[in-house]
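Peer 1: I would like to see how this sequence folds:
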Amino acid sequence: EGVYTAVSGFITRSSGLISALAFWTIGMLFGYVSGDEPGPNPDLTFRVLVCVVPFCLLSVSLILSFFLKPFPKSQD
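Peer 2: Predicted structure coming up:
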């Protein structure tokens, strides 16, 4: 249970970090300054955050999954 709780906490905290990095990176690329000055193309920025970033993260996780080895089956 302790390992499960620790892994769950790590995933929760890392997802916040990944979200913050995505918002910061995309905001810098598209010129976001504030809510009053969202940059020259806020609709494209939103589309990138909603579509492109999750697709990139999904692609990274798919590639990483190919490097994982399955647990050996138990010899009951």
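Peer 1: This protein: helices as residue ranges?
Peer 2: Secondary structure of the chain (DSSP state H): helices at 2-29, 42-47, 53-65.
Peer 1: Show me the one of those helices that comes nearest G35.
Peer 2: helix 42-47 (9.9 Å; C-beta to C-beta). C-beta coordinates here come from the backbone N, C-alpha and C atoms, glycine included.
Peer 1: Run a quick neighbour tally on the nearest residue to G31 once chain neighbours are set aside.
Peer 2: Nearest non-adjacent residue to G31, counting by C-beta to C-beta, 6 or more residues apart in numbering: G39, 3.7 Å away. Close neighbours of G39, defined as other C-beta atoms under 10 Å, add up to 15.
Peer 1: in the chain, which residue is closest to the centre?
Peer 2: Closest to where the C-alpha atoms of the chain average out (C-alpha atoms, centre = their mean) is I18, at 4.6 Å.
Peer 1: Just the pLDDT at the residue nearest to it when sequence neighbours are not counted, thanks.
Peer 2: Excluding the flanking residues, the one nearest I18 by C-beta to C-beta, 6+ apart is L57, at 7.0 Å. Reported pLDDT at L57 in the predicted model: 90.
Peer 1: Numbering from 46 from now on, please.
Peer 2: Done: numbering now begins at 46, and the last item shifts to L102.
Peer 1: L102 and Q120: what is the separation?
Peer 2: Using C-beta to C-beta, to the nearest Å, L102 is found at 37 Å from Q120.
Peer 1: Compare these two (neighbour count), which wins?
Peer 2: Using other C-beta under 10 Å as the criterion, L102 and Q120 rank with L102 on top: 13 against 4.
Peer 1: that older thread, am I right that the residue nearest to I63 is in contact with L66?
Peer 2: No: proximity of L102 to L66 does not meet the contact threshold set by C-beta atoms under 8 Å, at 10.6 Å.
Peer 1: All set, thanks.
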